[in-house]
Structures are given as C-alpha cells and as structure tokens.
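Engineer: Next input, structure requested:
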Amino acid sequence: NSFGLICNIEHRILAKKQVLEETRIISDLKTKFVVQKDKTQFRLFFPQELNFYLENAGFRNINHFDGFNFRNNDELKSFRIVTVSYK
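Structural biologist: All right, here's what the predicted structure looks like:
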C-alpha cells in the first residue's frame, strides 16, 4: 500500500511437466494498470526421486523435512522440502 501497488500471486501445478507455475501480477492500486506480469516455473522433486539421485551420488542418511520448520514426518505438507544427508 505504501508504494501504491498490489501484487497478486497465483500458483498452479502442471502435473504432466511436474512443475509449479507461479504467476505474479503487480498493479497500480488506483488505476488498476498492470505494472509487471511474469511467470516462473519451478521443477518439482518428490522425496523418492531425491533419494534416488542422492543415493546414486553416494549420499547416506537422507532425511526430508517439511520446509524450514524441520519437522520430520511421513506426510510432507509444505511446498518446500528441505533435504539433509551426508557423504
């Protein structure tokens, strides 16, 4: 608000491509004029896939956490997986 802008962010999963697509639209609050619009695609990795790559690279003791809160459970709810292992 202090800059007179609003940013709308939309996320959608493109399952066939295994990507998360983020669309950001920055608009002027008064005129509703779009100042900037961009799309970014993030490659999604799943725990089993990360295990495969890390084990093939010689890493051991692989742990996946639910984001940066470092909860280690079987049900990952965050869109961000933090993986810790050692070689």
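
Engineer: Let me know the pLDDT of the closest residue to Gln18 other than its chain neighbours.
Structural biologist: In space, not counting the residues next to it along the chain, Gln18 is nearest to Leu44; the distance is 4.8 Å by Cβ to Cβ, 6 or more residues apart in numbering. In this view, the C-beta of every residue, glycine as well, is placed from N, C-alpha and C. Note on Leu44: pLDDT of 83.

Engineer: Show me the shaky parts of this protein.
Structural biologist: Regions of the chain meeting the criterion pLDDT under 70 cover residues 72-74.

Engineer: Mind doing that once more with 90?
Structural biologist: Per-residue confidence for the chain (pLDDT under 90) gives these ranges: 1-3, 15, 18, 44-47, 63-82.

Engineer: re the thing from before, pull the number of nearby residues for the residue nearest to Gln18.
Structural biologist: Residue neighbour count, defined by other Cβ atoms under 10 Å, stands at 15 for Leu44.

Engineer: Touching, it and Val19? I think so.
Structural biologist: Yes - taking contacts as Cβ atoms under 8 Å, Leu44 lies within contact range of Val19: 6.1 Å.

Engineer: anything in contact with each of those two?
Structural biologist: Residues touching both Leu44 and Val19 (Cβ atoms under 8 Å, 6 or more residues apart in numbering): Ile13.

Engineer: backbone phi and psi for the closest residue in space to Gly4 that isn't next to it in sequence, please?
Structural biologist: Once flanking residues are discounted, Gly4 sits nearest to Leu29: 5.1 Å by Cβ to Cβ, 6+ apart. Note on Leu29: backbone dihedrals following degrees, to the nearest 10 are phi -60, psi -40.

Engineer: how about Leu29, what does it touch?
Structural biologist: Shown in contact with Leu29 (Cβ under 8 Å, 6+ apart): 1, 4-6.
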